[in-house]
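[1] sharing a model that was predicted from the sequence below.
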Amino acid sequence: MGQARGSDPRPIAVFDSGVGGLTVLSEIRRRLPDEATLYLGDNARAPYGPRLAAEVREFTAEAVGWLESQDVKMLVLACNTATAQALPLIRDAASVPVMGVVRPGAVAAAAATRSGHVVVVATAGTVASGAYAAAIAEADPALTVTQQACPDLVPLVEAGVISGPRPREAIAAYLAPVLAADPAVDTLLLGCTHYPLLRAEFEAVAGPTVAVVDSAFTTALALEDLLDAIGNRAPTGSTANHRLATTGPAEAFRRVAEGVFGVPPGPVEEVAIRLRG
C-alpha cells in the first residue's frame, strides 16, 4: 500500500505447519535475494496431515491472520496439507496475493515423467483431498497417478531425524509395495514440504531409475513470475531482512533450520497465534 508498482520492499510471508516449508523458503531466498521474508511454522500444532480438514482451515486462517498483521505483501502456503485443504478459503479472505505449493509440484512431476507413471507421497490429509491427483491430471490427463500417505514421516522430520535407519525403514514400508505394484513408475513427487529433508532416504529406497521431484524450486519460480506479473518486486539491491517465527520451542526450530540452511539461521521468534490446540 502506497508502494510504486515494481517497488515493494515488504516481506513475502511463508507459512507451514512446522519446519517443512523451510525447504521452500531456502529456494525463495536463493532465487530472490532482494526479497525480505517472514516465515511462520505452526510447530505447536504440527503435524496437520492427520487433522480434520476443518481444523486445518481454522489453524491456517489463524496463522495467516498473524502474518497479515506483520504487513506482508505476498503469502506462500508452503504446506501441502494447508494448500490442499484451505487455499480457496485463504485466497478469498486474504488482503494480499496467495499462492500454494500443489500446482507447482504437479507441474514439475508432469514435466519429469517419461513413462507417464507418477507416485505422489504426502500426508494423509493431502492424499484424502485428491489435490495432487487433480492438479497432475490438469497438467497432463494421460498420466497414471498413484498416491501414498506417509503419516510417520512428518513427526520424524519435526524431531530432526532426517537420516539413518528409522526414516529409511519407514519410507521403504510405504514406498516399496507401491513401486513393486507398478514397475513403470519413473517419477516420485514429494507432496509434503517436510519430505525434501528426507530426499537422500527417498532416493535410496526408490533407486536410480526413479526421478525424485518436489515443489520447492517450482514454487520459487512461480512466485518470481507472480511478483513480475503484478509488479511487486523489491527494489534491486535491497537489503533483505529475514525473520523466522514458530508457535513451538524456538531452540528446536533453530536446530532444524540450521540444518536446512547450512548456517546459523539467526534469531527465532516464539509467537502465540492459536485459539486452541
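    Structure's in. What do you need?

[2] and residue 272, how many neighbours?
    8 (other C-beta atoms under 10 Å). The C-beta positions use only the backbone N, C-alpha and C, and glycine is treated the same way.

[3] the protein: helices as residue ranges?
    For the chain, the helices defined by DSSP state H cover 22-31, 53-68, 80-93, 102-112, 124-129, 131-139, 153-158, 165-181, 199-206, 216-230, 250-261.

[4] so which of those comes closest to residue 74?
    helix 216-230 (7.1 Å; C-beta to C-beta).

[5] and the closest one, what does it pack onto?
    helix 22-31, strand 74-77, strand 98-99, helix 102-112 (3 or more C-beta pairs under 8 Å, 6 or more residues apart in numbering; DSSP states H and E).

[6] and the ones you listed as JSON lines, adding distance to residue 64, mean neighbour count and mean pLDDT?
    Putting the helices and strands packed on helix 216-230 into JSON lines (distance: least, C-beta to C-beta, whole Å; neighbours: other C-beta atoms under 10 Å; pLDDT from 0 to 100) gives the following:
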{"stretch": "helix 22-31", "distance to residue 64": "16", "mean neighbour count": "22", "mean pLDDT": "96"}
{"stretch": "strand 74-77", "distance to residue 64": "6", "mean neighbour count": "26", "mean pLDDT": "98"}
{"stretch": "strand 98-99", "distance to residue 64": "8", "mean neighbour count": "22", "mean pLDDT": "97"}
{"stretch": "helix 102-112", "distance to residue 64": "17", "mean neighbour count": "23", "mean pLDDT": "96"}
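
[7] so which of the ones you listed comes closest to residue 130?
    Short answer: helix 102-112, nearest of the helices and strands packed on helix 216-230 by C-beta to C-beta, at 10.5 Å.

[8] contact partners of that closest one?
    Under the contact criterion C-beta atoms under 8 Å, 6 or more residues apart in numbering, helix 102-112 has outside partners 80, 83-84, 87, 118, 120, 126, 131-132, 135-136, 138-140, 143, 187, 189-191, 211, 213-215, 217-219, 221-222.

[9] still on that earlier bit, between the helices of the chain, which one is closest to residue 42.
    helix 53-68 (5.5 Å).

[10] ok so, going back, can I get the helices and strands packed on helix 216-230 in a markdown table including distance to residue 49?
    A markdown table is the format used below for those (distance: least, C-beta to C-beta, whole Å):
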| stretch | distance to residue 49 |
| --- | --- |
| helix 22-31 | 16 |
| strand 74-77 | 14 |
| strand 98-99 | 21 |
| helix 102-112 | 14 |
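
[11] which among the ones you listed is found nearest to residue 263?
    helix 22-31 (10.9 Å).

[12] per the record, what domains does the chain have?
    12-100+217-270, 102-215 (automatic domain parsing).

[13] what is the end-to-end distance of the longest one?
    For domain 12-100+217-270, the first and last residues are 19 Å from each other (C-alpha to C-alpha, to the nearest Å).

[14] for residue 42, grab the count of nearby residues.
    26.

[15] same check, this time on the one 3 residues further on
    Residues within reach of residue 45, counting by other C-beta under 10 Å, total 20.

[16] do the same with residue 266
    13.

[17] I'd say residue 131 and residue 86 touch.
    No: Residue 131 lies out of contact with residue 86 (C-beta atoms under 8 Å); the separation is 10.8 Å.

[18] for the stretch 1-150 of the chain, give me the ranges with low pLDDT.
    Filtered on pLDDT under 70, the stretch 1-150 of the chain yields the residue ranges 1-6.

[19] ugh, wrong one, the stretch 151-277 of the chain
    Confidence mapping of the stretch 151-277 of the chain against pLDDT under 70 gives the ranges 274-277.

[20] isn't residue 38 up against residue 12?
    Yes: with contact defined as C-beta under 8 Å, residue 38 and residue 12 form a contacting pair (7.4 Å).

[21] residues in contact with residue 37?
    11-14, 25, 28-29, 240, 242-243.

[22] please disregard the earlier target; I meant residue 22.
    16, 39, 41, 256-257, 260-261.

[23] now do 10 Å
    14, 16, 39, 41, 78, 193-194, 196-197, 216, 244, 253, 256-257, 259-261, 265 (C-beta atoms under 10 Å, 6 or more residues apart in numbering).

[24] that one and residue 109, how far apart?
    Relative to residue 109, residue 22 is positioned 21 Å away (criterion: C-beta to C-beta, to the nearest Å).
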